[in-house]
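J.: Show me how the following folds:
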Amino acid sequence: MWTGNIQYANRAYLIYEFTVERSAAHGIYEAQQRRPRPFIGTGDLHDQSGRYGNIGVRSVEKWGYRLIDTANAYLNEEAVGKGLKKAMDGGLVKRDDVFLSTKIWPTLYEKDDAVEKTLERLGVDYVDLLFIHQPAGQYQAGYALIEKAYKEGKARSLGISNFFGDKLESLLSAADVKPQVIQLETHPYYVYDDVMVRLAEYGTKLMGWYPLGHGDPGLLHDPMITKLSDKYRKSTVQILLRWAVQRDFMTIPGTKNIDHLRSNFDIFDFSLTDEEMAAVNALNGTRRYYTPSEELETRYANMHLPFEG
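T.: Down below sits the predicted model:
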C-alpha cells in the first residue's frame, strides 16, 4: 500500500452545482445538476465549540470545498454558520457559491418552527438541501414540514436519509415533491443498488455516508484497494473516494483533521479504468456497518436534542 507524500495544490473547484429548473409537467421546482460532474464535500463535524467552523473556512478558502453537510443532531450548525459567515465576510465566497445541506431530527418532525430555528442556527435564509434524517417517528409529518419549507423558498431541494423498503414506498406515495437526494451508507462493500433503481424515475441522486467504511481496516486494506493504491501512488482513502466520484455519487467523508480535508480532495488527477471500477464494484455485498432496525428507529424518535425546549 502506497503511503508516500502527497503534493497539494490550492484549487477552487466548485464541487457541487445546482440549478433550479421549472417543471411544467408537475408545476414544481426540481433541483438538477448544472452539468454532470462528480463532486465531493465535507460533513459530520460534531462540535459545538466553533473550532470546526474555522476548519470549514479553510476548506473553502484553500482547497475549494463548496459542499458542507451538517444536521440538527450533529450539534454544530451554529459553528458551521459562524464559519460560513466568516468566509463570506472575508470575501472568500458568496452565499450562492456554497452548497449547504442539513437534516431535521425525528423529535422535531412535528415542530412547526423546526426549519426556521435550523436556519437561525446556521445564520442563513435558506439551505440548498434539506433532509429528514431518519425514517423514525412521524416521518410523514417531517417530510410535509420540509416540503412546506421548499415551497416557501427556505430549502432549494429536498432529501431523505436512510429510507428503503416499505417506509420509502410510504413516503413516495404521499410526497408531493419527490426527494431529489437520498443519503445512504455507501462504499465498495455496500451500495443500495435496488433503492437507486427504484428512485431512478425521479432522478434522485445518491449522497453516500460512511464512504470509508467507518474506517474499517478490512476495507482500507482490502487487497483490491491496496493494489490500486500501489498502482496510482495514492492512499487507499483516495482510491475509495475516487471510486465514489466515478460512480457519480456525492460523497461526504467526515473529518476533523485538516490534512485529511486536503488529501481527500487530491483525487482529480487520475482515473480508475473500467476494468478496475468493475473489480471494485464486485466487492458490493461484503458487509455494511450500520444495520437499521425498528428498535433503533424507536430510540431516534425519542432521542431529544440538547437545544430542544
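J.: Mean confidence (pLDDT) on stretch 174-189, please.
T.: In this model, stretch 174-189 has an average pLDDT of 97.
J.: tell me which residues of it are tucked away?
T.: Residues 175, 177-189 are the ones in stretch 174-189 that count as buried (16 or more other C-beta atoms under 10 Å). Where C-beta positions appear, they are placed from N, C-alpha and C, glycine not excepted.
J.: Adding secondary structure, write those residues out as TSV.
T.: Shown next, in TSV, are these (DSSP: H, G, I helix; E, B strand; the rest coil):
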residue	secondary structure
175	coil
177	coil
178	coil
179	coil
180	coil
181	strand
182	strand
183	strand
184	strand
185	strand
186	coil
187	strand
188	coil
189	coil
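J.: out of those, who's nearest residue 169?
T.: Nearest to residue 169 among the buried residues of stretch 174-189, counting by C-beta to C-beta, is residue 175 at 10.8 Å.
J.: Could you report the separation of that closest one from residue 100?
T.: Distance, residue 175 to residue 100, using C-beta to C-beta, to the nearest Å: 22 Å.
J.: Repeat that for residue 278.
T.: For residue 278, the distance to residue 100 - C-beta to C-beta - is 35 Å.
J.: Which of those two has more residues huddled nearby?
T.: Between residue 278 and residue 100, residue 100 has the larger neighbour count (other C-beta atoms under 10 Å), namely 24 against 10.
J.: quick one: what helix or strand has the more buried one in it?
T.: strand 99-104 (DSSP states H and E).
J.: ok now that strand, how far from the chain's centre?
T.: 8 Å (C-alpha atoms, centre = their mean, to the nearest Å).
J.: Sheet-wise, list the partners of that strand with their directions.
T.: Here strand 99-104 has these sheet partners by DSSP bridges: strand 67-69 (parallel), strand 129-132 (parallel).
J.: which parts of whichever helix or strand comes after the first one are buried?
T.: Counting by DSSP H and E, the element after strand 67-69 in chain order, helix or strand, is helix 77-89. When neighbours are counted by 16+ other C-beta under 10 Å, the buried residues of helix 77-89 are found to be 77-88.
J.: How about stretch 224-231?
T.: Residues 225, 228-229 are the ones in stretch 224-231 that count as buried (16+ other C-beta under 10 Å).
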